[in-house]
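Trainee: Sequence and predicted structure below; questions after.
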Amino acid sequence: MNRKEAIVIGAVLFTAFVSGVFADTLSTSTTKTTLQTTSVDIQIMDSQISLGGARIDNEPSNIQSNFTSGFSFSPQRGFVQVNSIILTLVTSGMRGTVNVGLNGHNAGQLSVLADADLTTVGNLSTQGIRVGSNLIELSIPVNMVLLLYEVRLTVEYTFLG
């Protein structure tokens, strides 16, 4: 390689390097985004205690009953991931463990330890929920009578803002 060729190659490399640095600076300053975290409450069921709630009665049978409902998860634009899901149940007349499923996948269990009106809160697996339509299923143990007043999910998620 002669001297003129070396100078031309050096000039091309220098131009490419400088334009790349300025292009990166310009694109970063105009499209600057940061990760933000927020949460949304999804009311799946809400019944006044005076109305009696949804009665799930497993006492006379030896089969397991379920509470099943659909709900929608619609995060903000730029959604990245779900960080946590908290399930809140308001019940009466129940003592035992409730298995929770999201979209056909096991999402966790909640232990209810009192027979009186009670609010129970627990964490669920984040793997089962998806953007759009979802299905939640509460499996109620055999030989249990349950009055279910409220089912609510609190979903914390991250998005680009």
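Mentor: Yes, it's here. Numbering: from 1, shown residues only.
Trainee: how many neighbours does residue 77 have?
Mentor: Neighbour count for residue 77, taken as other C-beta atoms under 10 Å: 7. In this view, the C-beta of every residue, glycine as well, is placed from N, C-alpha and C.
Trainee: which non-adjacent residue is nearest it?
Mentor: In space, and not counting its chain neighbours, residue 77 is closest to residue 159: 7.2 Å by C-beta to C-beta, 6 or more residues apart in numbering.
Trainee: Check which helices and strands the strand ranked longest in the chain sits against.
Mentor: Counting by DSSP state E, the longest strand found in the chain is strand 145-160. Here strand 145-160 touches strand 35-46, strand 54-57, strand 65-73, strand 79-92, strand 132-140, going by 3 or more C-beta pairs under 8 Å, 6 or more residues apart in numbering; DSSP states H and E.
Trainee: relative to strand 132-140, how tilted is the first one?
Mentor: When axes from the mean of the first three to the mean of the last three C-alpha atoms, to 10 degrees is applied, the directions of strand 35-46 and strand 132-140 differ by 50 degrees.
Trainee: Can you list the buried residues in strand 35-46?
Mentor: 42, 44, 45 (16 or more other C-beta atoms under 10 Å).
Trainee: can I get the residues you listed in CSV with distance to residue 81?
Mentor: Putting the buried residues of strand 35-46 into CSV (distance: C-beta to C-beta, whole Å) gives the following:
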residue, distance to residue 81
42, 17
44, 22
45, 27
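Trainee: The nearest residue in space to residue 33 that is not next to it in sequence pairs with what?
Mentor: Excluding its sequence neighbours, the residue lying closest to residue 33 (C-beta to C-beta, 6+ apart) is residue 160, at 4.6 Å. Beta bridges link residue 160 to residue 35 when assigned by DSSP bridges.
Trainee: Residue 160 contacts residue 35, doesn't it?
Mentor: Yes - at 6.4 Å, residue 160 and residue 35 qualify as touching, with contact defined as C-beta atoms under 8 Å.
Trainee: what touches both of those two?
Mentor: Here residue 160 and residue 35 have residue 80 as joint contacts, going by C-beta atoms under 8 Å, 6 or more residues apart in numbering.
Trainee: Name the helix or strand of this protein that has the lowest mean pLDDT.
Mentor: Across the helices and strands of the chain, the lowest-confidence element by mean pLDDT, DSSP states H and E is strand 54-57, at a mean of 52.
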